[in-house]
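**Student:** got a structure for you, letters missing:
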């Protein structure tokens, strides 16, 4: 049994899914993986099921009907993890934008440095560690984090990061059914509530590399949710 579960949400990730699972399982630290698949039409879940024969005690699959959003997928995964004995629950993308080797950094920030939330930060100390993004997307992401800092007061460099490790105590404290956002703003809301509950947070530097296979799920409605969502977060506080 592992003390750490890596949750990977998928929607049509057939180009990446086999490789990302094997990359995680090749690490010295023994991680478990939960794939939360939103009814992929390209064979993603079937590929995972085939790999489960090779990793029967380490690889798990939850298939959902319809596209319900990134935040909803992670909430589903969090609840699945909390029904079991995992101490650390990690969010990671399927497309190799998050380097699987950096899972160790997130894990050790919690186990050795006593963080309750560790964040793989692209912008720590205002350094930019992003590869293969065009300047428009890079500036949008960087200044989105600055915007969140200003509006909410949260003292983090990368407020929109999606490569994070939670101690189960955080997820047991936050009322998951009250999380409002499902897109880009989900990551902001979870960090904001963790900070408001006064859990210790550590950012660790990573290099974020944009996907080279598959299709990005980013769209204008997700960005809009984030821009206006943080104002609602500031007004609601912990509600």
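**Tutor:** Arrived safely, thanks for sending. Remember, it's a predicted structure, so these values are computed and weren't measured experimentally.

**Student:** My guess is residue 81 contacts residue 32. True?
**Tutor:** No. Using CB atoms under 8 Å, residue 81 makes no contact with residue 32, being 9.1 Å away. Heads up, the C-betas are built off the backbone N, CA and C, glycines and all.

**Student:** hey, what's in contact with both of the two?
**Tutor:** Shared contacts of residue 81 and residue 32, defined by CB atoms under 8 Å, 6 or more residues apart in numbering, comprise residue 5.

**Student:** quick one, what contacts residue 157?
**Tutor:** Counting by CB under 8 Å, 6+ apart, residue 157 has contacts 121, 123-126, 145, 203.

**Student:** repeat that with 10 Å
**Tutor:** Residue 157 is in contact with 119, 121-127, 142, 145-146, 149, 203, 205, counting by CB atoms under 10 Å, 6 or more residues apart in numbering.

**Student:** now do residue 103
**Tutor:** Contacts of residue 103 (CB under 10 Å, 6+ apart): 4, 6, 23-24, 27, 29, 31, 88, 90, 92, 120, 163, 165.

**Student:** in which helix or strand would I find it?
**Tutor:** Here residue 103 sits within helix 103-111, counting by DSSP states H and E.

**Student:** The helix or strand just after that helix pairs with which strands?
**Tutor:** Per DSSP H and E, the first helix or strand lying C-terminal to helix 103-111 is strand 117-121. Its sheet considered, strand 117-121 pairs with strand 164-167 (antiparallel), strand 201-205 (parallel) by DSSP bridges.

**Student:** mean confidence score for the first one?
**Tutor:** The average pLDDT for strand 164-167 rounds to 98.

**Student:** Thanks a lot, see you next time.
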